[in-house]
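> Coordinates only, no sequence provided:
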Ligand SMILES: Nc1ncnc2c1ncn2[C@@H]1O[C@H](COP(=O)(O)OP(=O)(O)OP(=O)(O)O)[C@@H](O)[C@H]1O
């Protein structure tokens, strides 16, 4: 159980921090994760994976397979029914400013300006900072997402894309060890989505940020990720037994890191990779 300490679980701290293969040495280690909402029908079980420091991992799968549930457990916002999550050698036991989370719907405080929304997070992260330090830090991250002109506007005065940018700036501004993104561009139109994908790609490449991101968009995953986890849904087998969902495959994106949206389809290996992922989603993600 997530709530059980290593000592309660009968493990020493060293044993608890020592992962089983295949995640040995990874910055984020997910071991034997399972989540049950409906007894006898776990959403997923035995989920094991690792994310290396500086790696960008996308998870893709059909609605309901449990992606958001996994992300919430990684964020410390939900408890797994089974298994453990370790980040940087320590078990995740609750929310922390070491992890920056961005949801599909920005979750900004509507009564605060862009500046105050981000400053609120920065002040929580570094409570001893002077006002001038906070101001400089906030302005730096708002500039990074191209929103300096909107610093003193409230969320209601911004477009959907701008609000999502503020959410991303806020997550980056706390300089988390890991960024957790739940379909951050899902609610945006294609044009805005493309622009923000490019911005995210540039910021992540510069900062070497470790990222775990949920997406439904195969091209988005190929553009951004070093690796894509393919998640299958839980399914009732012909004999009536329930097989929980889980990670079916981990697919390396073996394309040059210098990718652009416009040039993606010209990269050797792109179509094979895309077809492989689409084929999984069409024929294998729900298969009994
Ligand atoms: N708090 C909850 N109580 C009961 N069932 C839940 C709860 N949260 C999630 N579920 C169920 O768990 C399953 C997985 O949900 P989850 O949101 O993780 O899926 P998802 O893969 O992220 O889906 P989507 O792509 O649609 O966001 C769904 O069947 C959902 O109904």
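Ah, there it is. In this text the structure is predicted, and so the values were computed from the model without any measurement. Numbering: from 1, shown residues only.

> Residue 117 against residue 107, yeah?
No: contact between residue 117 and residue 107 fails when scored by CB atoms under 8 Å: they sit 9.7 Å apart. For the C-beta atoms, the positions are set from N, CA and C on the backbone; glycine is no exception.

> neighbour count winner among the two?
Looking at residue 117 and residue 107 with other CB atoms under 10 Å, you find the greater number of neighbours at residue 117, namely 25 against 13.

> Please, where are all the strands along the stretch 101-250 of the chain?
If you assign secondary structure with DSSP state E, counting those that start in this stretch, the strands in the stretch 101-250 of the chain sit at 178-182, 210-214, 227-232, 235-236, 242-243, 246-252.

> orientation of the last one relative to strand 227-232 in degrees?
Relative orientation of strand 246-252 and strand 227-232, computed by axes from the mean of the first three to the mean of the last three CA atoms, to 10 degrees: 160 degrees.

> neighbouring strands for strand 246-252, and are they parallel or not?
Taking DSSP bridges as the criterion, strand 246-252 pairs within the sheet with strand 227-232 (antiparallel).

> quick one: the partner strand near the ligand?
No: residues of strand 227-232 are not located near the ligand by CB under 6 Å from any ligand atom, the shortest gap being 7.2 Å.

> how far does that strand sit from the chain's center?
Taking CA atoms, centre = their mean, to the nearest Å, one finds strand 227-232 lying 13 Å from the centre of the chain it belongs to.

> what residues does it touch?
Where contact means CB atoms under 8 Å, 6 or more residues apart in numbering, the residues beyond strand 227-232 that reach it are 44, 49, 55-61, 65-67, 221-222, 245-253, 277, 280-281, 284-287.

> relative orientation of the lengthiest helix in the chain and strand 178-182 in degrees?
Using DSSP state H to assign secondary structure, the helix with the most residues in the chain is helix 190-207. Our comparison of helix 190-207 with strand 178-182, counting by the same axes, to 10 degrees, yields an angle of 170 degrees.

> Can you flag which of the contacts of strand 227-232 belong to helices?
Using DSSP H, the members of the contacts of strand 227-232 that fall in helices are 67, 221, 222, 277.

> what sits against the first one?
If I follow you right, that is residue 67. By CB under 8 Å, 6+ apart, the neighbours of residue 67 are 59, 61, 182, 214, 231.

> on that earlier part again, what would the ones in helices among the contacts of strand 227-232 look like in TSV with pLDDT and distance to the ligand?
What follows is the ones in helices among the contacts of strand 227-232, written out as TSV (pLDDT from 0 to 100; distance: CB to the nearest ligand atom, whole Å):
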residue	pLDDT	distance to the ligand
67	96	4
221	95	13
222	95	18
277	96	15
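
> re the thing from before, which among the strands of the stretch 101-250 of the chain is found nearest to residue 135?
Of all the strands of the stretch 101-250 of the chain, strand 178-182 sits nearest to residue 135, with 23.4 Å by CB to CB.

> what's the angle between that closest one and strand 210-214?
Angle between the axes of strand 178-182 and strand 210-214 is 10 degrees (criterion: the same axes, to 10 degrees).

> Any regions of the stretch 101-250 of the chain where pLDDT drops low?
Under the criterion pLDDT under 70, no range of the stretch 101-250 of the chain is flagged.

> what do you get if the cut-off is 80, keeping everything else the same?
Within the stretch 101-250 of the chain, the stretches with pLDDT under 80 are 105-106, 187-188, 192.

> Check which residues of stretch 128-142 are buried.
134, 137, 138, 141, 142 (16 or more other CB atoms under 10 Å).
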